[in-house]
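A.B. asks: here you go, sequence then predicted model.
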Amino acid sequence: MSSSDPTLWPALEQARAIAERRLGSVELLELVLARIESVGPRVNAVCTLEPDRARAEARAADDAVVRGEARGPLHGLPMTVKDAIATAGIRSTGGAVALRDHVPSVDAESVARLRAAGAVVFGKSNLPEWSGDWQSFNEMFGTTCNPWDATRTAGGSSGGAAAAVATGMSSVELGTDIGGSVRVPSAFCGVFGHKPSHGVIPTLGYLDEPHGGDVEGDINTFGPIARSADDLAMMLDVLAGPCAADAVAWRLDLPKAVPSTLRGLRVGAWIDDSLVPIDGEMAAVLHAAVDSLRTHGAAVVDISGPAVDVQRAWRTGVRLIGSAVSVSDEDDRGPSHRAWLFLDRERARLRAAWSAVFDDVDVVVCPVTSTVAFAHLHDGYWGDRVIRIGESERPYLELEAWPAIVGAAYLPSTSVPVGFTAGGLPVGAQVVGPYLHDHRTIAVAGLVAAATGGYAPPPL
């Protein structure tokens with residue numbers, strides 16, 4: 001087992017222990033609640049708790065195990081859900097004062113799938129207002145801190161989700177990702193996160209404005225966060241599929257063929273690019289990770305070059321993301337519909353360029369964002385902030401560059417922990433694959449983790 005503490009086991013290991021009656025659902029829930037009580041004040045990952053309801057559900061889960069009636073792969077596992085996603089009977093605010101007292105009557109469809117698979121949803125995780133930042137803080141619930149260094153951010157916008165998983169406050173999590181909101185906090189907190197191919201997991205129930213949740217938006221995805229790649233694969237199986245209205249006629253059949261070894265795997269390494277510079281210490285860890293893949297038999301090639309027009313891709317991605325999030329912007333900074341249509345055509349060209357890349361490699365390994373977890377930076381409007389990357393001051397917006405180049409093209413991407421800086425901060429890498437090859441990126445992330453170290457519990 002990975003730890004003597006069950007709260008830090010991978011979810012699949014927890015589920016096996018519950019199924020074999022070596023661990024009770026109630027027992028695990030109480031351990032998780034105790035962890036929130038002891039570590040919560042330092043990290044502030046969980047913003048809403050419903051423990052009494054959860055205890056009743058956990059007791060029912062334990063009784064079902066005795067009867068041999070386990071519901072699914074998440075049976076009896078206690079978990080939180082990002083506060084941007086509607087949960088029936090549990091306050092769901094989007095981090096915004098406008099929804100301070102909002103308690104949905106129905107679950108988001110993805111949450112309903114988690115419950116149907118046996119999950120005990122007992123609370124919500126913190127985020128920035130309307131999920132609109134790469135840090136997680138808001139007026140109601142305060143700031144989520146990085147579990148490796150409380151003076152630094154846990155990332156955003158699914159920062160509470162990643163911090164909760166890293167510290168054993170949740171077995172797994174469900175976050176959201178438009179411009180890196182699953183991938184960035186997963187990298188900052190040292191856990192695994194998956195941004196699925198766009199359209200694979202329903203996003204109904206997403207709270208991005210006071211009346212949100214009724215339609216699916218462009219670019220936005222819901223994605224799992226976990227302590228292992230196998231947990232991500234399990235979560236993808238639970239969550240993936242058309243929404244109920246489309247399931248009348250549509251089916252999803254994601255390719256299942258995945259690599260079982262690094263030997264012979266064609267890996268495109270895209271670490272250094274002058275147009276999207278990254279922190280030097282982080283780059284050294286990423287290069288070491290790529291070297292480890294090569295040592296384990298992967299066919300690694302450097303793809304930094306003209307395969308994808310970086311500047312054009314970044315510009316397109318940022319503008320499309322800006323359009324997607326403009327519904328929560330009171331000043332309405334979004335583009336016109338005509339402008340969006342031209343951006344969508346530009347996206348089609350970007351997707352074609354990425355498709356050509358995957359003619360030559362199976363996956364691309366690249367940075368998740370420009371830097372490791374940085375010191376809390378809350379002053380002013382986020383668009384005006386600057387951040388230090390290496391020895392230079394850069395626009396805060398550059399944090400979106402690497403996520404946008406991938407996400408705006410609808411590609412699947414798995415964030416995997418690959419090591420630490422000299423100062424002990426986690427470093428993550430993106431494993432990017434062709435559209436709809438989500439199982440491939442998750443499987444490769446597992447192989448990368450095995451070669452480089454993977455998840456480690458933070459100093460609690």
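C.D. replies: Arrived safely, thanks for sending.
A.B. asks: how close does the closest residue to residue 320 other than its chain neighbours sit to residue 63?
C.D. replies: Taking Cβ to Cβ, 6 or more residues apart in numbering, and ignoring the residues beside it in sequence, residue 320 has residue 408 as its nearest neighbour in space, at 4.8 Å. For every residue, glycine as well, the C-beta is placed using N, CA and C. When Cβ to Cβ, to the nearest Å is the yardstick, residue 408 and residue 63 sit 47 Å from each other.
A.B. asks: could you pull out the helices in the stretch 51-200 of the chain for me?
C.D. replies: Taking DSSP state H, counting those that start in this stretch as the criterion, the stretch 51-200 of the chain contains helices spanning 51-67, 109-116, 159-166, 183-189.
A.B. asks: ok so, going back, so residue 408 and residue 63 - more neighbours on which side?
C.D. replies: residue 408 (29 against 11; other Cβ atoms under 10 Å).
A.B. asks: let me know the outermost residue of this structure.
C.D. replies: Here the centre of the chain is the reference, and by Cα atoms, centre = their mean the most remote residue is residue 67, at 35.0 Å.
A.B. asks: just the strands from the stretch 201-350 of the chain, written as ranges.
C.D. replies: All strands of the stretch 201-350 of the chain, identified by DSSP state E, counting those that start in this stretch, fall at 221-226, 266-269, 299-302.
A.B. asks: so what strands line up beside the last one?
C.D. replies: Read that as strand 299-302. Each strand that pairs with strand 299-302, with its direction, by DSSP bridges: strand 266-269 (parallel).
A.B. asks: going by neighbour count, which residues in the partner strand are buried?
C.D. replies: Of the residues in strand 266-269, those scored as buried under the neighbour-count criterion (16 or more other Cβ atoms under 10 Å) are 267, 268, 269.
A.B. asks: and stretch 291-308, by the same measure?
C.D. replies: 292, 293, 296, 298, 300, 303, 304, 307, 308.
A.B. asks: what's the end-to-end length of that stretch?
C.D. replies: Across stretch 291-308, the straight-line distance between its terminal residues is 23 Å, by Cα to Cα, to the nearest Å.
A.B. asks: so what touches that stretch?
C.D. replies: Around stretch 291-308, the neighbours that count as contacts under Cβ atoms under 8 Å, 6 or more residues apart in numbering are 261-273, 290, 350, 353-354, 356-357, 360-361, 364-365, 405, 447-448, 451-452.
A.B. asks: just the residues you listed: which are in helices?
C.D. replies: Where these overlap with helices, as defined by DSSP state H, the overlap consists of 290, 350, 353, 354, 356, 357, 405, 447, 448, 451, 452.
A.B. asks: now a ChimeraX select for only the buried ones of the residues you listed.
C.D. replies: Remark: buried members of the ones in helices among the contacts of stretch 291-308, expressed as a ChimeraX selection using 16+ other Cβ under 10 Å:
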select :290,350,353,354,357,405,447,448,451,452
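A.B. asks: of the ones in helices among the contacts of stretch 291-308, closest to residue 53?
C.D. replies: Each of these was checked against residue 53 using Cβ to Cβ; the closest is residue 448, at 38.3 Å.
A.B. asks: distance check, that closest one against residue 292.
C.D. replies: 8 Å.
A.B. asks: same check on residue 249?
C.D. replies: The value you get for residue 249 to residue 292, if Cβ to Cβ is used, is 46 Å.
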